[in-house]
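Novice: Got a sequence here, can you model it:
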Amino acid sequence: MISQYKSLPKNWILTKIEDICTNPQYGYTTKASQGGNLKLLRTTDITSGRINWNKVPYCTKNPDDTGKYLLKDEDIVISRAGSVGVSYLIKNPEKAIFASYLIRFKPLINKKYFKYFLDSPFYWNSISEKKLGIAVPNVNANKLKSIIIPLSPLDEQNRIVEKIEELFSDLDKATEDLKKTKEQLKIYRQAVLKAAFEGKLTEKWRVQNSIELLFEEVLLKDITDIIMGQSPPSSTYNTNKVGLPFYQGKKEFGDLFPTPEKYCSEPKKIAESNDILISVRAPVGPTNICKEKSCIGRGLAAIRTKEKIEKYYLFYYLKYFVFDLIEKSTGTTFNAISKDTLESFKVSLFSLLEQQQIIKEIESRLSVCDKLEETIQQSLNKIEYLRQSILKKAFEGKLVPQDLNDLPACELLKQIKIEKDKMSKNGK
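Specialist: Okay, the predicted model is just below:
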C-alpha cells in the first residue's frame with residue numbers, strides 16, 4: 001500500500017519486507033506435550049505481548065534438525081493464522097522451537113525498528129489487505145514479504161527506536177497504573193457481593209425498619225426451574241434472524257445481556273425473557289440475563305426464578321458463589337456441571353423485602369464501579385491511540401530530526417543486498 005505514504009524525508013526509501021530480511025521460515029509441525037526437553041512456541045504464547053516460558057508447552061516430537069527451528073535472540077516471529085499478523089521480538093529464549101503457525105523473520109536492519117513497524121498502523125492496514133481464508137483468516141510468507149516498509153537511514157533507525165522507547169515508557173507506566181485500578185475494582189466488586197450476602201449492606205436498613213436478620217438455606221431446585229440447553233441440528237442455524245436468537249455459551253455474553261450471533265429456526269430448548277443464563281461447560285459459571293425468548297445450546301442452562309426469590313438477587317448470588325460451582329464441576333478435557341449439581345446448589349435466602357433492598361445496595365455501589373471502569377477504558381483507549389500516533393509519525397519520518405550526514409537508506413539497502421548474497425553463497 002504505497003498510497004499510505006504521502007511523502008518521506010529525502011534520505012528514506014520505500015521497499016519491501018523481503019528486501020531487508022533473510023528468507024522467512026515456517027515453523028515445525030508437531031503437537032504440544034506436557035513434558036520433554038524442547039519447548040514449542042505457539043501463536044497463543046505471543047498474543048499477550050509477553051511470553052511466559054513457564055506456560056509454553058514442550059514438543060511431542062522434536063525435529064530431526066533441531067538447529068533449523070531453534071529460536072535465537074532477536075528473531076521475530078509473525079502469526080500466520082488465528083491472531084493473524086501478531087508479531088513478537090524474541091529476547092533471551094529458552095531452548096525452544098517455533099510452531100507451524102508462526103513464521104520467523106530475521107531483519108538485517110535495527111530489529112526494534114522492524115518490530116515497531118509491525119506494530120504500526122501502516123503494517124496493520126497492509127495486513128487487512130493481505131488476509132486470506134474465510135473460516136480462519138491467514139497470511140503466508142509471500143504475502144508478508146510483499147508488504148511495503150518505509151526504510152530510514154540506519155543511524156536514524158537507532159534514534160527513532162530510542163525516541164519511541166522514551167515515549168512508550170511513560171505510556172507503559174500509565175497503562176500499568178490503570179490496569180491495577182481495574183483489578184482493584186474487581187476486588188471491590190467481590191467485596192460488595194460478600195458484604196451483601198452476609199447481611200452487612202442492609203444492616204442499617206434493618207435497624208431503621210426494625211427488621212430482624214432472618215434467612216434460610218434452600219436448594220436451587222426449590223426456588224427455580226432449571227432448563228438445560230440442547231444444541232439443535234446445525235442445519236437449523238442461520239444469520240438471517242429466522243427463528244429465535246441462539247446462544248451456545250459464554251462467547252455471546254456481555255456484561256449483563258448476551259448478544260446473538262446466530263438464530264435457530266427449530267429450537268430444542270428455550271429460555272424465556274428474564275431467565276438467568278448460566279454457562280455450564282467450558283467455562284462453568286459466567287451468567288447473563290436473557291432479554292427475549294431464545295434458543296439455548298448445551299453449553300448453557302436457563303434458570304427461571306419462582307415467587308420466593310428475586311431474579312437479580314439470584315443473579316448476583318451466582319456471580320459471587322461461582323467458585324463453589326466450579327469446584328463441583330467435572331470433566332478432564334473441559335469442566336462441566338450437570339442439572340443435578342445445579343439443583344443441589346445451596347442458596348442463602350433472605351426475605352423478599354430484604355432481597356429487594358440488597359439489590360438496591362449492590363447496584364448503587366456497582367454503578368459507581370461501572371462509571372469508573374468506563375473512564376479507565378476510555379483512558380486506555382486514548383493511550384493506545386497515542387501509541388499508534390507515535391508509530392505513525394515514526395514511519396512518516398516526523399518523530400525525530402533527520403541528519404544529512406546519515407548514510408542514505410538507498411545505500412543501506414545496497415549493503416543489505418550484498419550481505420544477503422554472501423549469506424546465500426555460504427548456504428545460510
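Novice: hang on, residue 93 in a helix?
Specialist: No - inclusion of residue 93 in a helix is not indicated when DSSP: H, G, I helix; E, B strand; the rest coil is applied; the result is coil.
Novice: what's the distance between it and residue 80?
Specialist: Using C-beta to C-beta, to the nearest Å, one obtains 20 Å as the distance from residue 93 to residue 80. Heads up, the C-betas are built off the backbone N, CA and C, glycines and all.
Novice: cool, residue 223 as well?
Specialist: Computed with C-beta to C-beta, the distance linking residue 223 and residue 80 is 52 Å.
Novice: out of these two, which sits in the busier spot?
Specialist: It is residue 80, of residue 223 and residue 80, that has more neighbours when counted by other C-beta atoms under 10 Å, with 25 against 16.
Novice: List the residues that contact the more buried one.
Specialist: Contacts here follow C-beta atoms under 8 Å, 6 or more residues apart in numbering; on that basis residue 80 touches 26, 101, 102, 103, 138, 139, 140, 141, 144.
Novice: For residue 391, give me its contacts.
Specialist: Residue 391 makes contact with 116, 117, 119, 120, 121, 164, according to C-beta under 8 Å, 6+ apart.
Novice: if I've got this straight, the first one is in a helix?
Specialist: Yes - residue state for residue 116 (three-state DSSP) corresponds to a helix.
Novice: That one touches residue 164, doesn't it?
Specialist: Yes - contact criterion C-beta atoms under 8 Å: residue 116 and residue 164 qualify, at 5.7 Å.
Novice: in stretch 25-42, what's buried?
Specialist: Of the residues in stretch 25-42, those buried by neighbour count under the rule 16 or more other C-beta atoms under 10 Å are 25, 26, 27, 28, 30, 38, 39, 40, 41, 42.
Novice: what's the closest of those to residue 149?
Specialist: Distance to residue 149 across the buried residues of stretch 25-42 (C-beta to C-beta) is lowest for residue 25, with 18.9 Å.
Novice: now the closest one: how far from residue 97?
Specialist: Computed with C-beta to C-beta, the distance linking residue 25 and residue 97 is 11 Å.
Novice: hey, what's in contact with both of the two?
Specialist: Common contact partners of residue 25 and residue 97 (C-beta under 8 Å, 6+ apart): residue 69.
Novice: related to what we said a few turns ago, out of the contacts of residue 80, which are buried?
Specialist: The neighbour count (16+ other C-beta under 10 Å) marks 26, 101, 102, 103, 138, 139, 141, 144 as buried among the contacts of residue 80.
Novice: Excluding chain neighbours, give the residue nearest to the fifth one in space.
Specialist: In space, and not counting its chain neighbours, residue 138 is closest to residue 81: 4.1 Å by C-beta to C-beta, 6 or more residues apart in numbering.
Novice: And for the one you found, the neighbour number?
Specialist: In terms of burial, residue 81 registers 16 neighbours under the definition other C-beta under 10 Å.
Novice: Surely it and residue 137 touch.
Specialist: Yes - counting by C-beta under 8 Å, residue 81 touches residue 137, with 7.5 Å between them.
Novice: Could you list the domains of this protein?
Specialist: Under the assignment automatic domain parsing, the domains of the chain span 2-151+415-425, 154-214+351-401, 215-350.
Novice: what bits of the protein have low per-residue confidence?
Specialist: Judged against pLDDT under 70, the low-scoring parts of the chain cover residues 1-3, 130-136, 331-334, 427-428.
Novice: Quick one: the helices in it, in order.
Specialist: Listed in chain order, the helices of the chain (DSSP state H) span residues 17-20, 66-69, 111-119, 121-130, 141-145, 154-197, 203-208, 220-223, 311-320, 322-328, 339-343, 352-394, 409-425.
Novice: Can you tell me which of those is packed in deepest?
Specialist: Neighbour counts averaged per stretch over those are highest for helix 111-119, at a mean of 21; criterion: mean count of other C-beta atoms under 10 Å.
Novice: what's in contact with that helix?
Specialist: Contacts for helix 111-119 (C-beta under 8 Å, 6+ apart): 20-21, 74, 76, 78, 85, 87, 89, 105, 107, 123, 149-150, 152, 157-158, 160-161, 164-165, 387, 391, 394-395.
Novice: try 7 Å
Specialist: Surrounding helix 111-119, the residues in contact under the criterion C-beta atoms under 7 Å, 6 or more residues apart in numbering are 74, 76, 87, 89, 107, 123, 149, 157, 160-161, 164, 391, 394-395.
Novice: with these in mind, which one is nearest to residue 217?
Specialist: The shortest distance between residue 217 and any of the contacts of helix 111-119, using C-beta to C-beta, involves residue 87 and amounts to 53.7 Å.
Novice: Quick one: residues contacting the closest one.
Specialist: Contact criterion C-beta under 7 Å, 6+ apart gives 76, 77, 78, 115, 118 as the residues in contact with residue 87.
Novice: Could you measure from the residue nearest to residue 138 over to residue 42?
Specialist: The gap separating residue 81 from residue 42 is 11 Å, by C-beta to C-beta.
Novice: coming back round to it: close enough to count as contact, the residue nearest to residue 138 and residue 101?
Specialist: Yes - at 4.9 Å, residue 81 counts as touching residue 101 under the criterion of C-beta atoms under 7 Å.
Novice: before we move on, back to that, which one of the contacts of residue 87 sits closest to residue 235?
Specialist: Using C-beta to C-beta, residue 78 comes nearest to residue 235 of those, at 37.7 Å.
Novice: Can you give me the distance of that closest one to residue 88?
Specialist: The gap separating residue 78 from residue 88 is 8 Å, by C-beta to C-beta.
Novice: Residue 39 too?
Specialist: Applying C-beta to C-beta, the value for residue 39 to residue 88 is 14 Å.
Novice: likewise residue 173?
Specialist: Plainly put, residue 173 is 22 Å away from residue 88 if you go by C-beta to C-beta.
Novice: Please apply the same query to residue 120.
Specialist: Applying C-beta to C-beta, one obtains 15 Å for the distance of residue 120 from residue 88.
Novice: Could you find the closest non-adjacent residue to residue 397?
Specialist: Among residues not flanking residue 397 along the chain, residue 9 sits closest, at 4.0 Å (C-beta to C-beta, 6+ apart).
Novice: Look at the one you found and say how many residues are nearby.
Specialist: Number of residues near residue 9 (other C-beta under 10 Å) recorded here: 16.
Novice: you'd agree it is up against residue 403?
Specialist: No - counting by C-beta under 7 Å, residue 403 is not a contact partner of residue 9; they are 10.3 Å apart.
Novice: Any idea how far apart the tips of stretch 394-402 sit?
Specialist: One end of stretch 394-402 to the other measures 12 Å (C-alpha to C-alpha, to the nearest Å).
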